[in-house]
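S.K.: Structure of the sequence below:
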Amino acid sequence: MNSSTVLTVLVALVVLLAGCGGAAVSEDGGDGAAGGSDGSDGDSASGSGGDAGSSGSGDDSADQSFAVTDSEQALRDAGSFTATWTFTMTDANGTEATMSSAYVVDLDTERSHESFSIDGEAEAVEFETFYADGMAYTKLGDGEQSFFQVRPDDTDLVENALARAITGYDEFDDAQFTGTESFDGDTVDRFVYSDPAVWQQYGTGTFGTEQNVTVTDFTVVVLVDQNGLARSTEWTVNGETEAGETVSAGWRYTVTDVGTTSVEDPDWLDAARAQSQG
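M.R.: Numbering: from 1, shown residues only. Predicted coordinates:
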C-alpha cells in the first residue's frame, strides 16, 4: 500500500469512527479486546501508565449494568486530563499503518499540547500544537526541516481533545461486565461487547483492500471508573479476504491523569515565537 493510500484509508476511518457512535465527541479506542489496562500509550508529556490489575469474576455481571457518564462534562469538572488515541490497520499484504495523537489539557491555565503522527511504509507525518493565552503554536517537521505556524485561536480545549472519539455508547448497551481491575491508579469495571454483524454495515473498505472481506470478530472493551467515566475504550475488528488473507484494525482511546495533568511550554516555543516576529 502506497503512502497516499495509507493516509486516505486512515483519515477515512477517523470520519467513519465518528459516525460509529452516532456523533462526534467522547471516548473510544482500540488495540484489541485482549489489550492490557495500561495508561496512556500516546506521546503525552504527562500520561502515566496504568497498572494491570487482576480481572474479577464475571459472576456478578447480572448485577452490573453498563452505563457511561457524559465524558465532556466530567472532564470539564476535573479541570485537567490527558487523552490519547491510537488507530492501527493491517492490510491484506501484512502492511501495518498507525495513526496516533495525544492531548494534554489544563483548563485552569487554559493550556493544551497536542501531538499527532502517522507511521507506516511511507514517510512519517507528524505535528504538534501548543495552545496558550489565546494563541495556537504549531510545529511541523523535525530538526532543520521544522517550520512553525502561529495564529490567534479560541479552540475549546475539551472538545478538541474529544473530537476523534465517539459520543454515544448506546450501541453497546449489551456489553457484559467481566470484572474489576486497575487503570491509571484507579479501580475500573471492565465491560466487553462482541458482535461481528455491527461492523458489517460499514463495509470492507475499512481494511484497505479491494477484495470482499468476511468480518470474523468485532469486539469492544470499555473500562469505566467509579464516577462512570470511560477511562479506556478499545475495539478490534478482524476479517478474512476471499484469498484467505487476514486483515485487522484496532482503535484505542484513553483518559489518564484526570485532575492532575499540567501543561508545560514545549522546547520549541521560543523558536516559533521568533519566527512569527521575524
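S.K.: give the contact list for His137.
M.R.: Slight slip there: residue 137 is Tyr, not His. Counting by CB atoms under 8 Å, 6 or more residues apart in numbering, Tyr137 touches Thr129, Phe130, Tyr131, Phe148, Gln149, Val150, Pro266, Leu269, Ala272, Arg273. Using the backbone N, CA and C atoms, a C-beta is placed for each residue, glycine as well.
S.K.: count of neighbours near Thr214?
M.R.: Thr214 is flanked by 12 other residues according to other CB atoms under 10 Å.
S.K.: I should have written Asp70 there, sorry.
M.R.: Using other CB under 10 Å, Asp70 has 13 other residues around it.
S.K.: is it fair to say Val263 lies in a helix?
M.R.: No. With DSSP: H, G, I helix; E, B strand; the rest coil as the criterion, Val263 is coil rather than part of a helix.
S.K.: ok, it touching Asp106?
M.R.: Yes. In terms of CB atoms under 8 Å, Val263 counts as a neighbour of Asp106; the distance is 4.6 Å.
S.K.: Overlap in contacts, these two.
M.R.: By the contact definition CB under 8 Å, 6+ apart, Val263 and Asp106 are jointly contacted by Ser80, Ser112.
S.K.: neighbour count winner among these two?
M.R.: The neighbour count for Val263 versus Asp106, taken as other CB under 10 Å, is higher for Val263 (24 against 21).
S.K.: how near is the more buried one to Val105?
M.R.: Val263 sits 7 Å away from Val105, taking CB to CB, to the nearest Å as the criterion.
S.K.: Spit out the residues that contact those two alike.
M.R.: Contacts common to Val263 and Val105, judged by CB under 8 Å, 6+ apart, are Ser80, Arg111, Ser112.
S.K.: These into JSON lines, with extra columns for secondary structure?
M.R.: Putting these into JSON lines (three-state DSSP) gives the following:
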{"residue": "Ser80", "secondary structure": "strand"}
{"residue": "Arg111", "secondary structure": "strand"}
{"residue": "Ser112", "secondary structure": "strand"}
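S.K.: ok, these vs Val247, which is closest?
M.R.: Distance from Val247 was checked for each of the shared contacts of Val263 and Val105 by CB to CB. The minimum falls on Ser112, at 35.1 Å.
S.K.: Distance across stretch 80-100, terminal residue to terminal residue?
M.R.: For stretch 80-100, the first and last residues are 20 Å from each other (CA to CA, to the nearest Å).
S.K.: For the remainder of this discussion, apply numbering that starts at 87.
M.R.: Done: numbering now begins at 87, and the last item shifts to stretch 166-186.
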